[in-house]
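Novice: Take this sequence and fold it.
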Amino acid sequence: MMIRTGIVGATGYAGAELVRLLAAHRAVEITVLMSRQFAGTPFDHVYPALSGMVDLTCEPLAVERLTACCDVVFTALPHRIPMEIVPALVASGLRVIDLSADFRFEAAAVYEAAYQPHTAPELLKQSVYGLCEVFAERIEKAALVGNPGCYPTSVLLPLIPLVEKRLLDIDSIVIDAKSGVSGAGRSPSLTSHYCEVNESFKAYKAAEHRHNPEIDAVLSRFAGRSVGVTFVPHLLPMTRGMLSTIYATPAAPVSADDVRECMRSYYHRRPFVRLCGKDRLPDTRHVAGSNFCDIGVRMDPRRRRLILFSAIDNLVKGAAGQAVQNMNIMYRLEESEGLTALPFPV
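Specialist: Numbers count the residues shown, from 1 in each chain. Take a look at the predicted model:
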């Protein structure tokens, strides 16, 4: 039986990636694509790359339409909008995977400090944080999944095994992360304008990015106490890709091999985490178009400092790919179903 799937916000970058991935998914039938801006427009007129593959016309947002023809709905919308429609979708018995920040937090106060008042706080306890490699057992039973942010995905995957095993001084963590411009979304803005980004490399929202509290909240679960990391994102003059470099002080004498073994043990059954060997570090080119997260480890013995590296495609593992992975887990499919596209070699 095919899983009837709807995508709300199908013409944004993450939404379009969802369409691309789900159109090739053997267990999925895309039944409806919704877009406020392009309602009434054939989807392949918006994204000609999918001509001949997707023949649906974009529709305006209508909860009744989703409940009538879907089993699962992906909401690929800016924060604030999903919390207005998700309660009705969940109440009707649909399963929902939300790609915004609206259902990533357990505590409404933490969300509200970074965003705005939450209008559906009763669903936060029901929602499951969709970091697939870590919370798969809870995701499988969930009616509502909050798909993680792209930066948190790239940071949490290398850090969680080490924090859980108490191998790091948690208060020493510093994160230096870089993202391609697609992370800013499809809506035009001055900061993502070609002339502003081309031949430029800059930090932004240093120590105040909204993904910082998301990272802190998840790490706090595994540390057993409140965690506050230093997080500085940067904008790279490229379309897609994300590289995070993480600095921390070991809590006990450990080698780079010890750290690799900790991660290898933690992720040995997870197909999308790839540990780099001693001869290679992660590169955004090596994960482009794929759902992989490549992780590298180096130790600076002179300064007793551990350095972790993580590369993902921000639109795939950082958004749409992880959302499809969540759906696969929810429906007890192979975790990699629909996500077997290999990275571009060049």
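Novice: Where do the helices of the stretch 201-346 of the chain begin and end?
Specialist: 211-223, 256-267, 321-330 (DSSP state H, counting those that start in this stretch).
Novice: Please apply the same query to the stretch 1-150 of the chain.
Specialist: Defined through DSSP H, counting those that start in this stretch, the helices belonging to the stretch 1-150 of the chain, from first to last, are 13-23, 43-46, 63-69, 82-91, 108-114, 132-140, 150-164.
Novice: quick one: low-confidence parts of the chain?
Specialist: In the prediction, the chain carries residues with pLDDT under 70 at positions 346.
Novice: and it, what are its domains?
Specialist: For the chain, automatic domain parsing gives the domain ranges 3-126, 151-313.
Novice: Over to the residue of the chain most remote from its centre: give its phi and psi.
Specialist: No residue in the chain sits farther from the centre than residue 302, which is 34.8 Å out by CA atoms, centre = their mean. Note on residue 302: its backbone torsions stand at phi -60, psi -40 [degrees, to the nearest 10].
Novice: which residues sit in contact with residue 114?
Specialist: For residue 114, the contact set (CB atoms under 8 Å, 6 or more residues apart in numbering) comprises 101, 210, 213, 214. Using the backbone N, CA and C atoms, a C-beta is placed for each residue, glycine as well.
Novice: mind putting these in JSON lines, distance to residue 43 included?
Specialist: Formatted as JSON lines, these follow (distance: CB to CB, whole Å):
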{"residue": "101", "distance to residue 43": "26"}
{"residue": "210", "distance to residue 43": "29"}
{"residue": "213", "distance to residue 43": "35"}
{"residue": "214", "distance to residue 43": "31"}
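Novice: out of the residues you listed, which are buried?
Specialist: 101, 213, 214 (16 or more other CB atoms under 10 Å).
Novice: Taking the contacts of residue 114 together, which two end up most distant?
Specialist: Across the contacts of residue 114, no pair lies farther apart than 101 and 213, at 9.5 Å, counting by CB to CB.
Novice: Give me the number of neighbouring residues for the residue lying closest to residue 131 once chain neighbours are set aside.
Specialist: In this structure, residue 131 finds its nearest non-sequential neighbour in residue 148, 5.1 Å apart by CB to CB, 6 or more residues apart in numbering. Close neighbours of residue 148, defined as other CB atoms under 10 Å, add up to 31.
Novice: any idea how far residue 148 is from residue 314?
Specialist: The spacing between residue 148 and residue 314, counted by CB to CB, to the nearest Å, is 12 Å.
Novice: Also residue 170?
Specialist: 25 Å.
Novice: Residue 265 too?
Specialist: For residue 265, the distance to residue 314 - CB to CB - is 27 Å.
Novice: quick one, which of the two is more surrounded?
Specialist: Each of residue 265 and residue 314 has its neighbours counted (other CB under 10 Å); residue 314 has more, 27 against 10.
Novice: List phi and psi for that one.
Specialist: Residue 314 adopts backbone torsions of phi -60, psi -20, taken as degrees, to the nearest 10.
Novice: need the contact list for residue 276.
Specialist: With CB under 8 Å, 6+ apart, residue 276 has these contacts: 282, 294, 295, 296, 297, 309.
Novice: Same check on residue 89?
Specialist: In this structure, residue 89 makes contact with 63, 66, 67, 73, 96, judged by CB under 8 Å, 6+ apart.
Novice: What is the neighbour count of residue 28?
Specialist: Residue 28 sits with 23 neighbouring residues when counted by other CB under 10 Å.
Novice: next one: the one 5 residues further on
Specialist: Neighbour count for residue 33, taken as other CB under 10 Å: 26.
Novice: right, and the domains of the chain - which one's nearest residue 323?
Specialist: The closest approach between residue 323 and any of the domains of the chain, judged by CB to CB, belongs to domain 3-126 at 5.0 Å.
Novice: ranges for the strands of the stretch 101-250 of the chain?
Specialist: According to DSSP state E, counting those that start in this stretch, the stretch 101-250 of the chain carries its strands in the segments 128-129, 144-146, 168-179, 202-203, 230-235, 242-250.
Novice: Make a markdown table from the ones you listed and add mean neighbour count and distance to residue 271 to it.
Specialist: Supplementary listing: those in a markdown table, determined by neighbours: other CB atoms under 10 Å; distance: least, CB to CB, whole Å:
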| stretch | mean neighbour count | distance to residue 271 |
| --- | --- | --- |
| strand 128-129 | 23 | 20 |
| strand 144-146 | 27 | 19 |
| strand 168-179 | 20 | 24 |
| strand 202-203 | 13 | 33 |
| strand 230-235 | 19 | 28 |
| strand 242-250 | 21 | 19 |
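Novice: To residue 20, which of those strands lies closest?
Specialist: Evaluated with CB to CB, those place strand 242-250 nearest to residue 20, the distance being 18.4 Å.
Novice: Neighbouring strands - and their directions - for the closest one?
Specialist: Strand partners for strand 242-250, identified by DSSP bridges, are recorded as strand 168-179 (antiparallel), strand 305-312 (antiparallel).
Novice: quick one on the thing from earlier: quick check: the gap between the residue farthest from the centre of the chain and residue 256.
Specialist: The separation that residue 302 has from residue 256, given CB to CB, amounts to 14 Å.
Novice: What count of nearby residues applies to the closest residue to residue 77 other than its chain neighbours?
Specialist: In this structure, residue 77 finds its nearest non-sequential neighbour in residue 9, 4.2 Å apart by CB to CB, 6+ apart. Residue 9 sits with 26 neighbouring residues when counted by other CB under 10 Å.
Novice: For residue 9, which residues are in contact?
Specialist: With contacts defined as CB under 8 Å, 6+ apart, residue 9 is in contact with 15, 34, 35, 75, 76, 77, 99.
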